[in-house]
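1. Build me a model from this:
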Amino acid sequence: MFKALMANRRDDRVFLSIESIDESDLMPGNVDVDIDYSTVNYKDALAITGKMPVIRKFPLIPGIDFSGTVTRSSHPLYETGDRVVLNGWTLSQTHHGGYAQRARVDGDWLVKLPQAISNRNAMAIGTAGYTAMLALLALERAGVTPDGSDILVTGASGGVGSVAIALLSKRGYRVTASTGRPEQAPYLKSLGATGIIDRSELSTPAQGLGAERWGAVIDTVGSHTLANAIGQTAPRGAIAACGLAQGIDLPTDLFPFLLRGVTLIGIDSVTAPYDWRLECWTRLAQDLAPEKLQLMTREIGLQEVASVADEILQGRGLGRVIVDVNRE
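-> Just a heads-up that it's a prediction; the model follows:
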């Protein structure tokens with residue numbers, strides 16, 4: 001038996017409870033993992049509050065990622081004792097997720113953790129930080145370099161934004177952070193932001209092509225914010241889009257793409273190819289300073305997951321939240 005946070009649905013509402021689960025109730029998979037930590041990402045908040053239909057079958061253990069140690073494996077890449085991380089795939093959708101002390105999963109979904117990243121820090125990074133690195137790698141593949149141009153990060157106080165700022169600054173980029181929480185300016189500057197703008201500058205309907213302000217963008221917000229960012233990106237700049245906090249629409253036109261050659265790149269953090277995932281975690285071990293990771297991290301137990309989810313959806317989330325699954 002092991003402890004897990006279980007999601008059930010009644011009358012179109014999602015309810016959470018800590019339950020004792022029998023190992024026989026684990027789902028199919030060729031690797032068993034003793035989980036140490038999970039985290040609360042924006043997608044987790046949508047899932048466990050029922051704001052979006054992320055969870056597609058009930059009852060289900062939520063949590064879109066976890067870190068832990070392999071206890072059984074018939075997969076060729078993993079053996080007992082390996083430290084592993086999992087981000088996305090079908091966790092918290094149709095497969096039991098990370099808010100539990102154990103998991104059984106398809107080994108193809110896993111990645112071995114670099115020695116420099118502890119199980120705890122893997123979830124301080126979590127899917128949010130992994131997504132930020134996917135975005136940075138995408139910008140690099142598009143030819144973006146630290147040439148002195150300003151790089152815009154929207155939703156900067158959140159998990160993806162916080163890690164993105166730390167990663168970009170480490171690589172020598174000049175980062176402008178967009179936030180609706182001006183009181184967090186000292187926090188954002190401590191991560192490496194050199195400029196702060198209020199999100200209201202970007203959140204109203206776009207006016208098409210705007211002044212060229214950004215060499216590249218990592219956007220976690222979508223909708224009008226992404227449209228404005230596209231319209232303000234310099235010729236041959238690139239935008240990595242990885243969030244929808246403002247909305248799923250994109251009210252813009254073709255002019256930035258046709259007249260400036262701007263590139264818009266979608267970031268898939270759910271089913272990225274294995275070599276991309278491996279590259280991400282290798283680069284995270286190299287590029288993310290542990291002291292900056294600690295600046296943006298706090299730890300909770302399973303009982304506190306729901307309240308943190310509410311904070312995130314109300315725009316009051318800050319940085320990263322680790323969930324110790326062995327603590328209620």
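2. For Arg72, list each beta-bridge partner.
-> On the basis of DSSP bridges, Arg72 is bridged to Asp32.
3. Asp34 is in contact with that one, correct?
-> No: using C-beta atoms under 8 Å, Arg72 makes no contact with Asp34, being 9.9 Å away. From N, CA and C alone the C-beta is placed, and that goes for glycine too.
4. Okay, the residue nearest to Ser149 when sequence neighbours are not counted and Leu258: tell me how far apart.
-> In this structure, Ser149 finds its nearest non-sequential neighbour in Gly215, 2.6 Å apart by C-beta to C-beta, 6 or more residues apart in numbering. Taking C-beta to C-beta, to the nearest Å as the criterion, Gly215 is separated from Leu258 by 19 Å.
5. what about those two, which has more around it?
-> Gly215 (23 against 9; other C-beta atoms under 10 Å).
6. who touches the helix or strand harbouring the more buried one?
-> Assigned by DSSP states H and E, Gly215 belongs to strand 214-219. Strand 214-219 is touched from outside by 132, 135-136, 139, 142, 144, 147, 149-155, 160-161, 164, 168, 176, 225-226, 229-230, 232-234, 237-243, with contacts defined as C-beta atoms under 8 Å, 6 or more residues apart in numbering.
7. After that strand, heading C-terminal, what element do we hit next?
-> Next helix or strand after strand 214-219 toward the C-terminus (DSSP H and E): helix 223-231.
8. for the next helix or strand after that following helix, packing partners?
-> Next helix or strand after helix 223-231 toward the C-terminus (DSSP H and E): strand 233-241. When contacts are defined as 3 or more C-beta pairs under 8 Å, 6 or more residues apart in numbering; DSSP states H and E, strand 233-241 packs onto helix 119-141, strand 214-219, helix 223-231, strand 263-266.
9. partners of the helix or strand where Ser20 lies in the sheet?
-> Per DSSP H and E, Ser20 falls inside strand 13-21. Paired strands of strand 13-21, with direction, are strand 2-10 (antiparallel) (DSSP bridges).
10. What segments of the stretch 51-200 of the chain are helices?
-> Taking DSSP state H, counting those that start in this stretch to define them, one finds helices in the stretch 51-200 of the chain at 119-141, 159-170, 185-191, 200-203.
11. chain center to the strand holding Ser20, what's the gap?
-> 24 Å (C-alpha atoms, centre = their mean, to the nearest Å).
12. residues of that strand that come out buried?
-> By 16 or more other C-beta atoms under 10 Å, the buried positions in strand 13-21 come out as 14, 16, 19, 21.
13. So the second one sits against Met6, correct?
-> Just to be clear, that refers to Leu16. Yes: contact criterion C-beta under 8 Å: Leu16 and Met6 qualify, at 7.0 Å.
14. Not counting sequence-adjacent ones, nearest residue to Pro62?
-> Ser92 is the one closest to Pro62 (C-beta to C-beta, 6+ apart), at 4.5 Å.
15. if we can go back for a sec, how about residues contacting the strand holding Ser20?
-> The contact list for strand 13-21 (C-beta under 8 Å, 6+ apart) reads 1-9, 47-50, 55, 61-62, 100, 102, 302-303, 305-306, 328.
16. Now restrict those to buried residues only.
-> For these, a burial check counting by 16+ other C-beta under 10 Å picks out 2-7, 47-49, 55, 61-62, 100, 102, 302, 305-306.
17. Give me the most central residue, this protein.
-> Ala128 (1.6 Å; C-alpha atoms, centre = their mean).
18. check contacts around that one.
-> Residues in contact with Ala128 (C-beta under 8 Å, 6+ apart) are 39, 41-42, 158-160, 162-163, 320.
19. Which of the helices and strands packed on strand 233-241 sits closest to Asp25?
-> When those are compared by C-beta to C-beta, helix 119-141 sits nearest Asp25, at 23.6 Å.
20. Any buried residues in the closest one, and which?
-> Neighbour-count burial for helix 119-141 [16+ other C-beta under 10 Å]: 119-139.
21. before we move on, what about stretch 272-288?
-> By neighbour count on 16+ other C-beta under 10 Å, the buried set for stretch 272-288 is 272, 277, 279-281, 283-285, 288.
22. swap in stretch 287-299?
-> Neighbour counts over stretch 287-299 (16+ other C-beta under 10 Å) mark 288, 292-293, 296-297, 299 as buried.
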